[in-house]
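Engineer: Requesting a structural model of the entry that follows:
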Amino acid sequence: LVPTIIFSLRRPSSSRYLAKYWRYMRWPLLVAALADLSWLIIQASQSYYQFSLYLAVQMVMLLWVILYLVRSRYLKHFFNDWPEPEKSAKKA
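Structural biologist: Below is the predicted model:
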């Protein structure tokens, strides 16, 4: 939720204070994905590890998301980028 809120505030007129936090928003996303994976593993253990297509598809998709969050070069650049403040159009 926090990365989404900061992303929605990501404008050239935004505070540079938010830019410091934006740089590290990849890690909360990774923690949330790992927490979701652990929840799915708990759900699988509740059914005594019987195969469930529903859980298997979710786990595979989540593992791909985790792999993307860890290995993506694009995300490294995306989270290091913050819009520059706009220059004033008025000249004295």
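
Engineer: pLDDT score assigned to the residue most central in space within the chain?
Structural biologist: Closest to where the C-alpha atoms of the chain average out (C-alpha atoms, centre = their mean) is Leu29, at 3.4 Å. Confidence at Leu29, expressed as pLDDT, is 89.

Engineer: Would you mind measuring from it to Met59?
Structural biologist: 17 Å (C-beta to C-beta, to the nearest Å). Yep, even glycine has a C-beta here, placed from its N, CA and C like the rest.

Engineer: need the contact list for the residue nearest to the centre of the chain.
Structural biologist: 3, 69 (C-beta atoms under 8 Å, 6 or more residues apart in numbering).

Engineer: same question, Ser52
Structural biologist: By C-beta under 8 Å, 6+ apart, the residues touching Ser52 are Ala44.

Engineer: in this structure, which helix or strand is least confident?
Structural biologist: Using mean pLDDT, DSSP states H and E, helix 2-8 stands out as the lowest-scoring helix or strand of the chain, at a mean of 69.

Engineer: in this structure, which helix has the most residues?
Structural biologist: Assignment by DSSP state H gives helix 26-46 as the longest helix of the chain.

Engineer: May I see the buried residues of it?
Structural biologist: Using 16 or more other C-beta atoms under 10 Å as the test for burial, helix 26-46 gives 26, 29, 33, 37, 40, 44.

Engineer: Return the closest of the residues you listed with respect to Ile5.
Structural biologist: Proximity of those to Ile5 (C-beta to C-beta) peaks at Leu29, which lies at 12.9 Å.

Engineer: next helix or strand past the longest helix of the chain?
Structural biologist: helix 53-71 (DSSP states H and E).
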